[in-house]
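Enquirer: no letters, just coordinates:
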């Protein structure tokens, strides 16, 4: 029997109408599941996977590309294909510090680097989000969070100086919770938040910080935190590697204090006396 006939014969047992690459995809997923493969375990070679699924190497490569985009496998040239680390579940609608929203991550898995702590004037978008004049000074905090020794989340927060007159640089650099500090030191607690999600290609800063290519996707969440009196005290942005996270969202009360169609980029114009942190 020729290779083509063998492939056709094996496909006869597959679900009718299923594309060849989908047959390969389902075979690989079943292989990982049924054999209890763990993150880091190596998969059979492309030719072996072709034998298992009864499809061509082209279909196998197509299936592997899809699995890699989904974050289920990783491929290393010259080494082979491996089961990827499990995705981290993120619950952005859950209030509190970042680690509390990462339901599958442990404190020991997270490291923090303070990229910038600056004081300046807000952009028009940030001023609108915080309901303050553009001439009112604000803080800008930029931090990079790494999980499992890999850059994972780029954080940026903008806070009005009149509501937050002081910050603790050492605490922020050490990964301390900004929200806990704001509540304990300045009496600011997020009674509710409003958020906007987008899946986009990363900016150059996001590419550099998260160590990803321009063709990869990121999930960018922008939000504003409000007190019980509807006073906005923080507009923030978090950028995630799209392939590393699963987002779980629960229903919340509808407020619409922000208009999604009017959300402009958020940033600041730093005062010249501010020195970025390395």
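Expert: Here it is on my side, so go on. These numbers come from a predicted model, not from an experiment.
Enquirer: going forward, measure contacts and count neighbours with C-alpha atoms only.
Expert: Fine.
Enquirer: by contact count, what packs against the lengthiest helix in the chain?
Expert: In the chain, with assignment by DSSP state H, the single longest helix is helix 20-34. Where contact means 3 or more CA pairs under 8 Å, 6 or more residues apart in numbering; DSSP states H and E, helix 20-34 is packed against helix 46-53, helix 57-69.
Enquirer: and the very next helix or strand once past the last one, which strands flank it?
Expert: On the C-terminal side of helix 57-69, the closest following helix or strand by DSSP states H and E is strand 73-76. Strand pairing for strand 73-76, using DSSP bridges, gives strand 80-83 (antiparallel).
Enquirer: need the contact partners of the partner strand.
Expert: Outside strand 80-83, the residues that touch it by CA atoms under 8 Å, 6 or more residues apart in numbering are 32, 37-45, 72-75.
Enquirer: average pLDDT for it, rounded please.
Expert: Averaging pLDDT along strand 80-83 yields 92.
Enquirer: same check, this time on stretch 55-69
Expert: Mean predicted lDDT for stretch 55-69 stands at 91.
Enquirer: now swap in stretch 23-32 and tell me
Expert: Rounded mean pLDDT across stretch 23-32 is 93.
Enquirer: buried sites along that stretch?
Expert: Buried residues in stretch 23-32, defined by neighbour count with 16 or more other CA atoms under 10 Å: 23-25, 27-28, 31-32.
Enquirer: same thing with stretch 198-212?
Expert: 201-202, 206-207, 209-210, 212.
Enquirer: could you do stretch 142-161 as well?
Expert: 142-147, 151-161.
Enquirer: what about that stretch, how long is it end to end?
Expert: End-to-end distance for stretch 142-161, by CA to CA, to the nearest Å: 16 Å.
Enquirer: now do it, average pLDDT.
Expert: Across stretch 142-161, pLDDT averages out at 92.
Enquirer: quick thing: my sequence starts at 52, can you match it?
Expert: I'll keep to 52 as the first residue from here, and by that count the last item is stretch 193-212.
Enquirer: which residues touch that stretch?
Expert: 160-168, 177, 181, 187-192, 224, 257, 260-262, 284-292, 295, 318.
Enquirer: recalculate using a threshold of 6 Å.
Expert: Contacts to stretch 193-212, defined as CA atoms under 6 Å, 6 or more residues apart in numbering, come from residues 160-167, 188-192, 261, 284-292.
Enquirer: the residues you listed in strands, which ones?
Expert: 161-167, 189-192, 284-292 (DSSP state E).
Enquirer: which of these are buried, as a PyMOL select command?
Expert: In PyMOL, a selection of the buried entries from the ones in strands among the contacts of stretch 193-212 looks like this (16+ other CA under 10 Å):
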select buried, resi 161+162+163+164+165+166+167+189+190+191+192+284+285+286+287+288+289+290+291+292
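Enquirer: one step back: drop anything exposed from the contacts of strand 131-134.
Expert: The buried subset of these - by 16+ other CA under 10 Å - is 83, 93-94, 123-126.
Enquirer: okay if I get these as a markdown table plus distance to residue 280?
Expert: Output for those, formatted as a markdown table (distance: CA to CA, whole Å):
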| residue | distance to residue 280 |
| --- | --- |
| 83 | 51 |
| 93 | 54 |
| 94 | 55 |
| 123 | 44 |
| 124 | 47 |
| 125 | 48 |
| 126 | 51 |
